[in-house]
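1. Okay, predicted coordinates and the sequence, questions at the end:
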Amino acid sequence: MKKIICIHLLNDYSGSPLVLSQSIKGLIDNGHDVDVYTNKNSEGFLTNIPGANYFYFNYSWGKSKVQTLLYFVFSQLFLFIRLLKYRNKDVVIYVNTILPFGAALAGKFMNKKVVYHIHETSIKPALFKSFLFKVVQFTASNLIYVSAYLRNNESIEGIKSHTVYNALSEDFVSKAVIAIDQKVVTKNVLMLCSLKKYKGVDVYIQLARLLPSYSFTLVLNSKITEINEYLKDSVLSPNLIIHSAQKDVHSFFKEADLVLNLSLTDEWIETFGMTVLEAMSYGIPVIVPPVGGIAELVTDEFNGLKIDSKNVELISNQIDRMFTNKSFYNYLSFNARKRASDFTNENFIKRIIGVIQSN
């Protein structure tokens, strides 16, 4: 059975390493030998996966854009050279996100099958994005897109492409089922995201101020020092609690009654939305942007609402509507859980293995 070489640039607790970790576990469970290449000195969803063989390279965010770019270039040079050791072996190169282009180029040079798992579209500057997608076009044998939106907007002619929606692990679902049976609505709002303005962090803080009678929790995928620096000039209301990066988010979903995604669509398009899917598995209604792959998870007024995050007043009014109209809330909650059941880990793994083993 082919050895699978999985490459991811930055291991953390965000969506793309989470999805790759599920792929790796599924591949190992189905008898594949898996080598994982990711950055060292970083903890995330790719850390200590049982049965995986680990190889590390240097990469991290620098203090400036130039420094980060240098780290990135050297990491790709390292990957290209290091992966050449597989030239006489029967392997598949599995590149997670379009960033690790060095691994893809090595795969092409060795005439190996290169599978890209594409998660992103909002990459800046445009020249950098163009370069990365040209490498994809030159090297890829197969493309896996996380949503129909992404496949339609970033399609590459002549390469076999597949839409494989992300899924929830069986362990996650089982914990959610237990929590639902104990659920009591206490009007808590939750958002989990990266510490970026385009993720709607400032909008969320504003909503907390507008709705002082409700509790707001914000979980940011960053260190507390970085959060403090970002928020040093912000006015925070007493009903808002902020947490740094978390390995286990179940405790937050247990307490949440509504989950928001407030990404600013003129700067960042969500191509899927794992936190939204996780919320729905808990029977939690969601409010999401009206465009992108994330919008494919939600039917408006059925399992959640689609509202542009610039319309803060409307979002505020709809939060109030959900929490004051019990029958409407319960209707959304029931349908959210039902919709989440469409995204099974079994089907996800079957699709991933099918792409990897295809000719």
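-> Okay, I see it. Numbers count the residues shown, from 1 in each chain.
2. Can you give me the end-to-end span of stretch 19-39?
-> By C-alpha to C-alpha, to the nearest Å, the extent of stretch 19-39 from end to end equals 17 Å.
3. So for it, what gets flagged as buried?
-> The neighbour-count criterion (16 or more other C-beta atoms under 10 Å) identifies 19-28, 32, 34-39 as the buried residues of stretch 19-39. Bear in mind the C-beta positions are built from the backbone N, C-alpha and C, glycine included.
4. So what's the gap between that stretch and the chain middle?
-> Averaging C-alpha coordinates over stretch 19-39 and over its chain gives two centres that are 17 Å apart (C-alpha atoms, centre = their mean, to the nearest Å).
5. do the same with stretch 303-316
-> 21 Å.
6. sorry, back to before: show only the entries of the buried residues of stretch 19-39 found in helices.
-> Judged by DSSP state H, those include V19, L20, S21, Q22, S23, I24, K25, G26, L27, I28 as members of helices.
7. which residues does the residue nearest to N11 when sequence neighbours are not counted contact?
-> What sits nearest to N11 in space, not counting adjacent residues and going by C-beta to C-beta, 6 or more residues apart in numbering, is G44, at 3.9 Å. The contact partners of G44, taken as C-beta atoms under 8 Å, 6 or more residues apart in numbering, are L10, N11, D12, Y13, S14, P17.
8. Take these and, keeping just the buried ones, write it as a PyMOL select command.
-> Those of the contacts of G44 that meet the burial criterion (16+ other C-beta under 10 Å) are gathered into one PyMOL selection, given here:
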select buried, resi 10+11+12+13+14+17
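9. Show me which pair in the contacts of G44 is furthest apart.
-> Across the contacts of G44, the longest distance by C-beta to C-beta is 10.8 Å; it joins L10 and Y13.
10. Quick check on L132: phi, psi?
-> Torsion angles at L132 (phi, psi; degrees, to the nearest 10) stand at phi -60, psi -40.
11. make that L218, sorry
-> L218 adopts backbone torsions of phi -120, psi 120, taken as degrees, to the nearest 10.
12. for it, which residues make a bridge with it?
-> For L218, the beta-bridge partners are M191, I242 (DSSP bridges).
13. please begin residue numbering at 193 from this point
-> Shifting the count to begin at 193 puts that one at L410.
14. And the pLDDT at it?
-> What the model reports for L410 is a pLDDT of 98.
15. CA atoms only for the helix ranked longest in the chain, dumped as PDB, please.
-> When the chain is scanned for its longest helix (criterion: DSSP H), the result is helix 257-275. Backbone C-alpha positions of helix 257-275 (Å, rounded to 0.1, in the frame of the first residue of the first chain) are rendered in PDB as follows:
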ATOM      1  CA  LYS A 257       6.300  40.700   6.700                       C
ATOM      2  CA  VAL A 258       9.800  40.400   5.200                       C
ATOM      3  CA  GLN A 259      11.000  38.100   8.000                       C
ATOM      4  CA  THR A 260       7.900  35.900   7.600                       C
ATOM      5  CA  LEU A 261       8.500  35.700   3.900                       C
ATOM      6  CA  LEU A 262      12.100  34.700   4.500                       C
ATOM      7  CA  TYR A 263      11.000  31.900   6.900                       C
ATOM      8  CA  PHE A 264       8.500  30.800   4.300                       C
ATOM      9  CA  VAL A 265      11.000  30.600   1.400                       C
ATOM     10  CA  PHE A 266      13.600  28.700   3.400                       C
ATOM     11  CA  SER A 267      10.900  26.300   4.700                       C
ATOM     12  CA  GLN A 268       9.900  25.500   1.100                       C
ATOM     13  CA  LEU A 269      13.500  25.100   0.000                       C
ATOM     14  CA  PHE A 270      14.000  22.600   2.900                       C
ATOM     15  CA  LEU A 271      10.900  20.700   2.000                       C
ATOM     16  CA  PHE A 272      11.900  20.400  -1.700                       C
ATOM     17  CA  ILE A 273      15.300  19.000  -0.800                       C
ATOM     18  CA  ARG A 274      14.100  16.800   2.100                       C
ATOM     19  CA  LEU A 275      11.300  15.100   0.000                       C
END
